[in-house]
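> Need the 3D shape of this:
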Amino acid sequence: MRLLLVEDEPEMASALQSALRRHDILADHADGLDVAFDMAATSPYDAVILDRGLPDGDGLSLIAKLRRRDIRVPVIVLTARGRLPDRVAGLDGGADDYLVKPFAFEELLARIRAVMRRPEQLRQMVVRLGRLTLDLDHREARVEGMRFDLPRRELLVLEALMRRAGRMVTRETLMESVFGLADEVQSNTLDSHISRLRRKLSDAEADVVINGIRGVGYMLMERT
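The predicted model follows:
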């Protein structure tokens, strides 16, 4: 799962990114409205966690701008503005949920799961390419309904590739998706994961292929 975190306090943003990563949730960070809109308009996020008191305006204006562009990503407002009129304004302004700081991380995690269980989001939690299906909710890969085992990091590689099927995914994007920003890993570790994933997809008779360009990245395509 990949989120967009819109928060102008660096320490808060870093702490949330680290906590979410421990639950296999990658959060890209934006510290203002303009950069957040550019990121949300160009990348497929599962949800947005949005502060209201940002340097360049009220976070609710981002929701309005996204909806005008027909970007229907769910938004959880996370803010210190906790008065009843603020909460009502947030929900009426298009937020899917509203959580007031200070908060318990476990509650934020539960609210993320809750918005992802809503019917529109459930459809996005299953990604398909050819006979291959990836169930992001249960973290399972299947070929024509038959489950085959993949460890956590190979599932993360597969998710990153399937979400961008038919497009080149850079090594940097894959490394960030699998290992996060804070972990120091060797670049060839990614190649090892790709090699094992290719073998397992072949053994499961998936009709997909992972093509690579040395030093650039990888692309998942349906086999013709």
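
> List the buried residues in the helix or strand hosting D86.
Using DSSP states H and E, D86 maps to helix 84-92. Across helix 84-92, burial judged by 16 or more other CB atoms under 10 Å covers D86, R87, A89, G90. In this view, the C-beta of every residue, glycine as well, is placed from N, C-alpha and C.

> Tell me how far the closest residue to L156 other than its chain neighbours lies from S192.
With CB to CB, 6 or more residues apart in numbering as the criterion, L156 has its nearest non-adjacent residue at 4.6 Å, and that residue is V178. Distance of V178 to S192, computed by CB to CB, to the nearest Å: 11 Å.

> Neighbour count for the two, which is higher?
Neighbour tally, V178 and S192, criterion other CB atoms under 10 Å: the higher count belongs to V178, 22 against 12.

> That one should be in a strand, yeah?
No. With DSSP: H, G, I helix; E, B strand; the rest coil as the criterion, V178 is assigned helix and is not in a strand.

> and which of the buried residues of helix 84-92 is nearest L62?
Among the buried residues of helix 84-92, G90 lies closest to L62 (CB to CB), at 11.7 Å.

> pretty sure that closest one is touching L50, no?
No. Counting by CB atoms under 8 Å, G90 does not reach L50; the two are 9.1 Å apart.

> can you list residues touching both of the two?
Contact with both G90 and L50 is made by residues V77, T79, according to CB atoms under 8 Å, 6 or more residues apart in numbering.
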